[in-house]
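J.: got a sequence here, can you model it:
(one chain, ligands or ions: 1)
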Amino acid sequence: MGDPTADAPHPQPETDRTARPPADLTDSAMRLVRGSLSHSRAAAVRLTLWTLLHAAPALVAGKTLALAVDHGFLLHRPRTAALWLGVFALVTLAGAWASRQTYPSLAEIVEPQRDRLLRDVVTGTLRRAVARGPRRRDDSAAVAVAQLTRQVEAVRDSLAGQLMLVWQFVLTVAAVVAGTAAIAPGAVPLVAAPLVLALTVFAVLAPATVRRQRTAFVAEEVLAHRTVSTLHALRDLVACGAAEKAEREMLDAIDAHLRASRALARLAAVRRMIVALGAHAPLLLIVLAAPTLVRHGMTSGDVVGVVAYVLATLEPAVRLLIQGVGASWLRLAVAAERLSAASRHPAPGTDPQPARTPVDGSAELSDLTFAYGPDAQPVLDGLDLSLADGDHLAVVGPSGIGKSTMADVLAGILAPDRGQVLLGGVPLEHIARGDLHRARVLLPQDPYVFAGSVRENLCYLAPDTPDDAVAAAVEQLGMARTVQRLGGLDAILTPAELSSGEAELIALARAYLSPARLVILDEATRHLDAVAEHRVEQAFRRRPGTVVTIAHRIAPARRADRVLLLDGVRPLTGTHDALLASAPLYADLVGHWDTGVPGTDEACPGNTGRAVSAPASASDRSSSCPSADPAP
Ligand SMILES: Nc1ncnc2c1ncn2[C@@H]1O[C@H](COP(=O)(O)OP(=O)(O)OP(=O)(O)O)[C@@H](O)[C@H]1O
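T.: Numbers count the residues shown, from 1 in each chain. The predicted structure is shown next:
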């Protein structure tokens with residue numbers, strides 16, 4: 001059986017998108033930041049005002065401490081000292097309250113931006129999916145939207161974090177410099193010069209930082225992708241002797257990841273040095289220059305105040321900026337770049353192909369190629385097949401050769417890697433997904449019966465079928481006694497209580513009643529005895545349209561108009577007699593069927609053929625063969 005999830009695209013590493021120059025990534029993020037601020041100017045002004053108030057403790061910290069020392073502690077006036085410390089405490093409380101007030105303003109900036117991003121991403125992704133055609137890949141579009149929605153949330157969080165961080169840093173540093181200038185103008189260069197130097201180094205190293213982080217990011221994605229695809233294709237890799245090559249490639253990916261992680265770790269060390277330069281060097285300079293500064297009129301309180309500015313205010317601000325901006329800015333930049341690609345609308349002129357309806361039950365497969373993974377051997381390789389409306393084709397071949405896969409591709413459950421499927425003259429991808437069940441019906445090896453009435457199960461694909469048409473189908477398929485045993489059309493089914501043969505008959509009737517002109521039966525009668533199978537086959541022959549039967553016995557192949565023999569090399573098509581004469585593999589298969597396998601078909605009455613696949617146990621097989629209703 002084919003894997004319905006194969007319709008989803010194979011995961012690819014994000015190298016193509018993240019391998020852009022750092023400047024491009026930064027542009028996307030900057031556009032995002034500018035866009036958010038320009039759409040919410042009033043909120044940006046409010047955020048600035050609240051952040052100013054939030055920075056007030058940074059402004060007064062050194063000054064109040066200097067006053068407490070000079071006019072309080074040094075003069076043995078504890079009350080004065082307490083007063084100034086109290087002032088500082090009050091301003092700190094006001095700052096904390098202001099900090100709380102910044103969040104609504106921040107939300108007013110980032111939440112509308114999140115909504116705009118979401119709208120653009122969903123519209124862009126869906127428009128591009130629609131432009132590709134009414135059916136193809138619409139599942140992948142839905143998956144993409146779900147994944148991108150998570151990235152939008154991540155962008156919202158990173159954007160809020162970055163805005164807050166940069167705002168607070170700028171205002172806090174301004175407050176520290178202003179405060180230092182107020183109490184000791186001579187100390188300003190000692191604080192500002194190392195800070196400016198550190199910020200310059202940070203800015204100069206920024207492109208390399210982004211590059212290294214991006215390399216680590218890509219190495220991680222490549223490793224994850226390679227792990228998933230190797231595990232996925234493990235059986236094929238071992239089967240075709242490529243295990244060593246796969247191992248080498250895995251080790252290369254692990255090495256690349258290790259190198260990138262080490263480079264990142266070195267970067268973290270450099271960042272720590274920048275923090276030391278911007279925040280610890282001023283402290284050292286102040287301490288070293290203190291005697292000179294005091295000689296030039298600075299008081300002891302002023303020295304304590306400047307030290308407080310540097311230690312309690314500047315150092316945390318610099319550390320947060322240097323360490324916070326790096327990783328979080330890259331996350332924002334990469335996500336913003338992806339979202340801007342996802343928001344792209346289809347190029348003008350790529351109007352969606354209008355959905356079309358197949359005109360009949362004909363089918364045309366051309367150059368059809370399909371593999372279950374990017375590195376797997378194709379199961380179908382350049383298959384061509386033409387079926388006229390009304391044809392009855394039997395598909396045969398050794399077990400595992402690709403018969404079910406072909407059925408799944410023909411039914412549009414699996415998308416081919418190359419080639420095309422036309423149903424009723426219309427490319428599969430131009431048939432709207434909602435219309436596909438009206439064009440074709442596929443009965444898989446294990447039929448599906450749900451808990452509901454017999455009628456609901458029979459009419460699932462054609463809910464408005466009148467009772468007399470249902471009764472006629474029941475009669476045609478020779479399942480009147482089965483329906484009677486189940487308690488009539490309105491009886492409620494318990495799927496677990498049905499034999500495999502009964503479940504098969506119900507599924508066959510559902511396909512029979514469906515409006516589809518192309519019926520694909522994938523060993524759909526394997527639990528019926530030969531008489532019941534023949535009767536079902538005759539019923540489908542009388543039904544208008546095309547029938548493709550994946551045969552598990554000789555009889556359906558013998559009776560079909562044509563037989564398609566899949567042999568893994570060059571598929572052959574012809575009548576039973578022609579293939580018997582010209583294709584040794586077909587003669588082998590027929591010989592295998594004719595020789596018979598004990599415990600399979602002869603367990604059911606009236607059997608004329610044998611199963612080619614591995615036999616089920618005798619007890620299993622006999623329990624699943626429903627007694628064929630009497631032939632008319
Ligand atoms: N979902 C899947 N993922 C990977 N490989 C698969 C998947 N389904 C089938 N295959 C492989 O594809 C090949 C063809 O399988 P398929 O079921 O189409 O063969 P088949 O001719 O119908 O076999 P059978 O007669 O036993 O039902 C086999 O090698 C099978 O193992």
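J.: okay, now S261: neighbour count?
T.: Residues within reach of S261, counting by other Cβ atoms under 10 Å, total 13. For every residue, glycine as well, the C-beta is placed using N, CA and C.
J.: got a pLDDT number for it?
T.: For S261, the pLDDT comes out at 90.
J.: which ones are touching it?
T.: The neighbours of S261, taking Cβ atoms under 8 Å, 6 or more residues apart in numbering as the test, are 216, 219.
J.: and P358, that one's in a strand?
T.: No: under DSSP: H, G, I helix; E, B strand; the rest coil, P358 sits outside any strand and is assigned coil.
J.: what about the nearest residue to it once chain neighbours are set aside, distance to P416?
T.: Counting by Cβ to Cβ, 6 or more residues apart in numbering, P358 lies nearest to G424, which is 2.4 Å off, once chain neighbours are set aside. Note on G424: its distance to P416, by Cβ to Cβ, to the nearest Å, is 18 Å.
J.: can you pull the contacts of the residue nearest to P358?
T.: Neighbours of G424 in contact, by Cβ under 8 Å, 6+ apart: 357-363, 389, 439, 517-518.
J.: top of those by number of neighbours, please.
T.: For the contacts of G424, the largest neighbour count, defined by other Cβ under 10 Å, is 28 neighbours, found at A363.
J.: show me what it is bridged to.
T.: In this entry, A363 is beta-bridged to L387, L423, by DSSP bridges.
J.: now, among the contacts of G424, which is nearest to the ligand?
T.: Nearest to the ligand among the contacts of G424 is A363, at 17.5 Å by Cβ to the nearest ligand atom.
J.: that closest one contacts L423, doesn't it?
T.: Yes: in this structure A363 lies within contact range of L423 using Cβ atoms under 8 Å: 5.6 Å.
J.: need the residues touching each of these two.
T.: L518.
J.: show me the contact partners of stretch 182-192.
T.: Residues from elsewhere that reach stretch 182-192, judged by Cβ under 8 Å, 6+ apart: 62-63, 66, 176-177, 180-181, 282, 285-286, 289, 293, 296, 298, 302-303, 305-306, 309-310, 314.
J.: in that stretch, what's buried?
T.: For stretch 182-192, burial by neighbour count (16 or more other Cβ atoms under 10 Å) applies to 182-184, 186-188, 190-192.
J.: and stretch 441-457, by the same measure?
T.: By neighbour count with 16+ other Cβ under 10 Å, stretch 441-457 contains the buried residues 441-445, 447, 449, 453-457.
J.: and those, which of them are in helices?
T.: 454-457 (DSSP state H).
J.: and which of those residues is nearest to the ligand?
T.: Checking these against the ligand with Cβ to the nearest ligand atom, the nearest one is N457 at 24.5 Å.
J.: number of nearby residues for the spatially closest residue to the closest one that is not a sequence neighbour?
T.: Excluding the flanking residues, the one nearest N457 by Cβ to Cβ, 6+ apart is I506, at 5.2 Å. Taking other Cβ under 10 Å as the criterion, the count of residues near I506 is 25.
J.: what do you get for the one 4 residues further on?
T.: The criterion is other Cβ under 10 Å. On that basis, R510 has 22 neighbouring residues.
J.: for D561, same thing?
T.: Other residues within reach of D561, judged by other Cβ under 10 Å, total 16.
J.: look up the closest residue to it, ignoring the ones flanking it.
T.: Using Cβ to Cβ, 6+ apart, the nearest residue to D561 is H392, at 4.7 Å.
J.: run a quick neighbour tally on the one you found.
T.: Neighbours of H392 (other Cβ under 10 Å): 19.
J.: wait, what's in contact with it?
T.: 540-541, 546-547, 549, 559-562.
J.: let me have the buried residues of stretch 182-192 in JSON lines, extended by pLDDT and secondary structure.
T.: Output for these, formatted as JSON lines (pLDDT from 0 to 100; DSSP: H, G, I helix; E, B strand; the rest coil):
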{"residue": "A182", "pLDDT": "90", "secondary structure": "helix"}
{"residue": "I183", "pLDDT": "88", "secondary structure": "helix"}
{"residue": "A184", "pLDDT": "88", "secondary structure": "coil"}
{"residue": "G186", "pLDDT": "88", "secondary structure": "helix"}
{"residue": "A187", "pLDDT": "91", "secondary structure": "helix"}
{"residue": "V188", "pLDDT": "93", "secondary structure": "helix"}
{"residue": "L190", "pLDDT": "93", "secondary structure": "helix"}
{"residue": "V191", "pLDDT": "92", "secondary structure": "helix"}
{"residue": "A192", "pLDDT": "93", "secondary structure": "helix"}
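J.: in this protein, which helix or strand is least confident?
T.: helix 618-624 (a mean of 33; mean pLDDT, DSSP states H and E).
J.: flag every buried residue along stretch 247-256.
T.: Those would be 253, 256, for stretch 247-256 by 16+ other Cβ under 10 Å.
J.: out of the contacts of stretch 182-192, which end up buried?
T.: 62-63, 66, 176-177, 180, 282, 285-286, 289, 293, 298, 302-303, 305-306, 309-310, 314.
J.: let's see which of these end up in strands.
T.: If you go by DSSP state E, the buried ones among the contacts of stretch 182-192 have nothing in strands.
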